[in-house]
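S.K.: this one's structure only:
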């Protein structure tokens, strides 16, 4: 054990201090990079369909998908979701978009039973096949966009996916570490990305991914 005051201890102390100062200087950049990795927005291209992932109770995804459709990036916008109270999320989403001035004819809804993004992707294979689409724009929340892209491209490799993240107040990649809720979102997304990759390597059931 090195004694206090010895040259070896002093060198170790200054190395540790320098490392701590470097980490302190760059820790905001590192934390921000962790948040930004979760967000993914591909270059906008015309596709056969805009698909808005289930689970949007705030409307950000719906309005981004509706805007893409209205600007001609696809001729149709498909909204999804499971049962919610006496209706279905997709049907409610269409009503929300129409209330914001988008034409009802732009949309259709699909009713899902999925409890995870992986289950959602698997349920959509026959839907996409029936619609005859090949190139699909995925619209989801910004913090979910990286994982959604990994899931859909892994489990539905016969389709071409382009991902667009919708920004909302649930997660801010530039300051996520400041609140418990946003920290939980980040840890959950990274854990589920890890779980998705494990499933691809050794496909056993993993609920909630």
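M.R.: Received it, and whenever you're ready, just let me know what you need. None of these values were measured; they are calculated from a predicted model. Numbering: from 1, shown residues only.
S.K.: so where is this structure shaky, pLDDT-wise?
M.R.: 1-10, 13-26, 202-209 (pLDDT under 70).
S.K.: Which stretches in it count as helices?
M.R.: 7-38, 60-70, 89-99, 117-131, 145-155, 180-201 (DSSP state H).
S.K.: among those helices, which is the most enclosed?
M.R.: Stretch with highest mean neighbour count among the helices of the chain: helix 60-70 (a mean of 23; mean count of other C-beta atoms under 10 Å). Bear in mind the C-beta positions are built from the backbone N, C-alpha and C, glycine included.
S.K.: Got phi/psi on residue 156?
M.R.: phi -130, psi 60 (degrees, to the nearest 10).
S.K.: about what we covered before: let me know which of the helices of the chain is the nearest to residue 168.
M.R.: helix 60-70 (4.0 Å; C-beta to C-beta).
S.K.: How about residues contacting the closest one?
M.R.: 44, 50-53, 56, 74-77, 79, 93, 96-97, 100, 102-103, 106-107, 137, 139-141, 164, 166-168 (C-beta atoms under 8 Å, 6 or more residues apart in numbering).
S.K.: Just the buried subset of these, please.
M.R.: By neighbour count, with 16 or more other C-beta atoms under 10 Å, those hold 50-53, 56, 74, 77, 79, 93, 96-97, 102, 106-107, 137, 139-141, 164, 166, 168 as buried.
S.K.: quick revisit: export the helices of the chain to CSV and tack on distance to residue 111?
M.R.: Shown next, in CSV, are the helices of the chain (distance: least, C-beta to C-beta, whole Å):
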stretch, distance to residue 111
helix 7-38, 28
helix 60-70, 16
helix 89-99, 6
helix 117-131, 10
helix 145-155, 19
helix 180-201, 24
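S.K.: quick one, which of these is nearest to residue 173?
M.R.: helix 7-38 (3.3 Å).
S.K.: So which of the buried ones among the contacts of helix 60-70 sit within strands?
M.R.: Members of the buried ones among the contacts of helix 60-70 lying in strands (criterion: DSSP state E): 50, 51, 52, 77, 79, 107, 137, 139, 140, 141, 164, 166.
S.K.: between those residues, which is nearest residue 128?
M.R.: Of those, the one sitting nearest to residue 128 (C-beta to C-beta) turns out to be residue 51, at 8.1 Å.
S.K.: I'd like to know how many residues surround the closest residue to that closest one other than its chain neighbours.
M.R.: Among residues not flanking residue 51 along the chain, residue 78 sits closest, at 4.9 Å (C-beta to C-beta, 6 or more residues apart in numbering). By the criterion of other C-beta atoms under 10 Å, residue 78 has 23 neighbours.
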